[in-house]
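1. got a sequence here, can you build the structure:
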Amino acid sequence: MGAVAARCSDVHKDKGGPQAPKPLDASSSEGEEDDEEEAVEDEEEEEDDERRAEAENAMMEGMQSLKRGKTGIFKEVIEHATAVGIAEDKIAKAEKALEMHKANRRREAFEADLRTFMESPEFEVLAECERMEEQGVKF
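-> Residues are numbered from 1 along each chain as shown. This next block holds a predicted model:
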């Protein structure tokens with residue numbers, strides 16, 4: 001605005017001071033726009049990197065702690081990681097871990113069925129034992 005004065009009437013406004021508005025066609029404003037665009041691009045790139053890092057961390061944590069009932073969520077994490085652009089080898093590793101988890105769950109379910117079968121009277125029927133054996137070979 002202006003200089004410090006003892007009275008309000010003594011204050012004079014400077015027209016060319018440091019806070020004077022710059023003309024729109026000034027060359028320095030073009031440089032500022034370029035700097036702003038670069039800053040926005042850098043910020044977006046940092047956000048993308050953060051998203052990728054978060055997705056990768058979630059995927060790695062999910063692989064270590066797969067539990068019954070959490071496989072659907074882990075599948076969504078894998079899909080998100082794919083969309084964000086995580087390396088294909090890491091995604092393939094996570095998908096393999098998910099498939100192994102599912103196979104283990106199926107095998108555990110069969111083992112429970114087999115224990116129940118062995119305690120039942122059907123256990124003494126040869127045809128039923130062969131049927132259970134065929135199922136066991138699949139797992």
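
2. shaky segments in the chain?
-> Across the chain, the ranges flagged by pLDDT under 70 are 1-35, 68.

3. tell me where it has strands.
-> For the chain, applying DSSP state E gives no strands.

4. any idea which helix is longest in it?
-> helix 27-64 (DSSP state H).

5. what comes up buried for that one?
-> Taking 16 or more other C-beta atoms under 10 Å as the neighbour-count basis, helix 27-64 is seen to contain the buried residues Arg51, Ala55, Glu56, Ala58, Met59, Met60, Gly62, Met63. In this view, the C-beta of every residue, glycine as well, is placed from N, C-alpha and C.

6. so what does that helix touch, helix or strand wise?
-> Helices and strands in packing contact with helix 27-64 are listed as helix 71-84, helix 88-118; criterion 3 or more C-beta pairs under 8 Å, 6 or more residues apart in numbering; DSSP states H and E.

7. can you get me a residue count around Ile86?
-> The burial metric for Ile86, expressed as a neighbour count using other C-beta atoms under 10 Å, is 19.

8. can you pull the contacts of the closest residue to it other than its chain neighbours?
-> Counting by C-beta to C-beta, 6 or more residues apart in numbering, Glu56 is the residue found nearest to Ile86 once chain neighbours are left out, at 5.3 Å. For Glu56, the residues meeting the contact criterion (C-beta atoms under 8 Å, 6 or more residues apart in numbering) are Ala81, Ile86, Lys90.
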